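[1] Mind folding the following:
(chains A and B)
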Amino acid sequence: MRFPPQSGDKPLSYVLVKDYDISINILKAEVMPGKRGNLLLEMEATEENIEKGIAYLKEHHVECQPLDKQIKLDQERCISCGNCTAVCFAGALTMNPETWELEFNKDECVACELCVKACPLGLFEIHFSNGD
Amino acid sequence: MSVTKSYSEINKKIKQGSAVILTAEEVAEMARTATPEEIAEKVDVVTTATFGAMCSSGAFINFGHADPQIRMEKIRLNGVPAYEGLAAVDTYIGATAVNPDNPTYGGAHVIQELIEGKDVELEAWGKGTDCYPRKHIHTVINKNSVNEMFLFNPRNAYQNYNVAVNTTAKTKYTYMGTLLPNMRNATYSTSGELSPLLNDPELKTIGIGTRIFIGGTTGYVVWPGTQFHTTRPKDENGVPVTNAATLAVIGNLKEMNSEFIQAAYYERYGVSIFIGIGIPIPVINAEIARRVSINNSEIQTSVLDYGTVGTPKLGQVTYEQLRSGEIEVNGQKIRTAPVASLAKARKIAALLKSQLQQGQFWVQEPVQLFPTNTSLKALKDIEVKEGGNA
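    As a prediction, the model looks like this:
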């Protein structure tokens, strides 16, 4: 979300929660009074409510850009200890039963982020890309 | 007629390039069709290895003297407290010590950065004495600037380790990884049939002076490790079914390679360090041949509830079951995951095998074997009276 200087004083996220029943999680915020603001927001609600919420934001001159959340692994530094496979119930992170090396099948990943904290080497990162 | 080989006979063959070296996995495979006598006849050395988090690790460092000299009485390396009670410029940095301003960064990370040749910030304070007048120093060190730096790990290479589960309704964050509620996962750490002390369970060839692979270089076993326990419950093969013997090991940090030693941080637990250790076991007789032939279906370990105080035992499983991806405990099927790298352990066992084949490594007979009848003491919680108990 990018919003113009005049919307910085409006409780936009409050309206999203209260009027549209959207569960929000602020991941990154840069809001300076009198300047343009940027907000990275994770939203969870019915598709209809999210659409209504976005329409409300646009009415208030807020630009919205949907993003896709992806988990990235620094495979080169991975030691294949297996800690991440203990928490990956989507089946995206598995140990190859022959080589016992970690395999990451991105198609199975639901970006639950449990691996991010489970990796003792801190090799997982959350990346956002254009979701259009 | 049973075969007996001496260390010098085996080393002679290694020097000549005629020794037969197998990894512990290869010999376990061979044992499906060969008897221990045949294996003792044909095989000279079996390589074993492990690559797991070993919290009881750290390094001694001598910084060298500055001009004017300082007697360091408080020491920080990249903000991590290092031990200050060793003369003027010696220290010991423990792997699990952390920077109070950044508890995800600890001694293990400092050790890894030193291995990788990176600069590490050293800040130290002293009160200033007649012979060491300086009171403060803030500088950088690296592996080339220090006099000595060597790894000295009081407890590594655990002989067997428990499987961790969590029966509670809350996620538990442990050194055995993230344990999901209601036993939704189980984690295990040992490299099973490849693990050093599971291939010589009575420590007949591994003792003080055993030459080993550690962190990418050559090191030695220097003592029984702390919490050395030889009287744990054993299975019908005489192999402990829970964590038992350990090793204290040493090696030159300057020669190590971070491919085989890696700093780690466990969520809500703290810092630890993955250490790669490889141990060659000389097949001196049929008894040792039988020991190294052990396979994952014959090695058992205990399933402990890490969610409950006292970690009660819930069951016993084999490494074959653990590797299958699923175990059954109290009638419940539980997904398993390793927390130590078998891929790395295999790499170390293969590397050690090739070093032995090329005559670059040898088997060192222990100068002293370990005690055989030890157990553990618990720390008593004694109420201390005002002014002390003495």
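[2] For the nearest residue to A:Tyr20 once chain neighbours are set aside, report the pLDDT, please.
    Using CB to CB, 6 or more residues apart in numbering or on different chains and skipping residues adjacent in sequence, the residue nearest A:Tyr20 is A:Gly53, 4.1 Å away. Every C-beta, even on glycine, is put in place using the N, C-alpha and C of the backbone. In this model, A:Gly53 is scored at 90, pLDDT.
[3] Kindly report the same for A:Arg2.
    A:Arg2 carries a pLDDT value of 82.
[4] Which residue is the nearest non-sequential neighbour of it?
    Leaving aside its sequence neighbours, A:Arg2 sits nearest to A:Glu63 (CB to CB, 6+ apart; 4.4 Å).
[5] Next, count neighbours for the one you found.
    Other residues near A:Glu63 come to 12 when the count uses other CB atoms under 10 Å in any protein chain shown.
[6] ok, it - contacts?
    By CB atoms under 8 Å, 6 or more residues apart in numbering or on different chains, the contact set of A:Glu63 is A:Met1, A:Arg2, A:Phe3.
[7] most distant residue from the middle of the chain?
    I went with chain A, as the question did not name one. Distance from the C-alpha centroid of chain A peaks at A:Glu98, with 33.6 Å (CA atoms, centre = their mean).
[8] You answered for a different chain; I wanted chain B.
    In chain B, B:Asp130 marks the outermost C-alpha relative to the chain mean, sitting 42.6 Å out by CA atoms, centre = their mean.
[9] so is that one in a helix, a strand, or just coil?
    When classified by DSSP: H, G, I helix; E, B strand; the rest coil, B:Asp130 comes out as coil.
[10] Give the closest residue to residue 94 in space, chain neighbours not counted.
    Unless you meant another one, I'm taking chain A. The shortest distance from A:Thr94 to any non-neighbouring residue, by CB to CB, 6+ apart, is to A:Glu103 (5.3 Å).
[11] oops, I was thinking of chain B
    Nearest to B:Gly94 is B:Gly58, by CB to CB, 6+ apart, at 4.2 Å.
[12] Which SSE is immediately downstream of the lowest-mean-pLDDT helix or strand in chain A?
    None of the helices or strands of chain A scores lower by mean pLDDT, DSSP states H and E than strand A:2-3, at a mean of 80. Downstream of strand A:2-3, the next assigned helix or strand under DSSP states H and E is helix A:12-20.
[13] Tell me which residues are up against the least confident helix or strand of chain A.
    Applying CB under 8 Å, 6+ apart, the contact partners of strand A:2-3 are A:Leu12, A:Arg36, A:Gly37, A:Asn38, A:Leu39, A:Leu57, A:His60, A:His61, A:Val62, A:Glu63, A:Gln65.
[14] Likewise for stretch A:38-49?
    Among residues not part of stretch A:38-49, those counted as contacts by CB under 8 Å, 6+ apart are A:1-3, A:13, A:16, A:20-31, A:50, A:53, A:67, A:69, A:128.
[15] Let's see that with 7 Å instead.
    A:1-2, A:20-31, A:50 (CB atoms under 7 Å, 6 or more residues apart in numbering or on different chains).
[16] One more: stretch B:268-275?
    For stretch B:268-275, the surrounding residues in contact (CB under 7 Å, 6+ apart) are A:79, A:81, B:51-55, B:57, B:95-96, B:98, B:103, B:106-108, B:111, B:153, B:156, B:173-175, B:215, B:261-266.
[17] how about the helices in the chain?
    Picking chain A for this. Assigned by DSSP state H, the helices in chain A fall at A:12-20, A:47-59, A:114-118.
[18] looking at chain B here, not the other one
    With DSSP H, the ranges of helices along chain B come out as B:7-16, B:24-30, B:36-42, B:107-115, B:286-292, B:319-323, B:342-357.
[19] which residues touch the residue positioned nearest the centre of chain B?
    By CA atoms, centre = their mean, chain B has its centre lying nearest to B:Asn156, at 2.7 Å. By CB under 7 Å, 6+ apart, the contact set of B:Asn156 is B:Met54, B:Ser57, B:Gly225, B:Thr246, B:Leu247, B:Val249, B:Ile275, B:Ile277.
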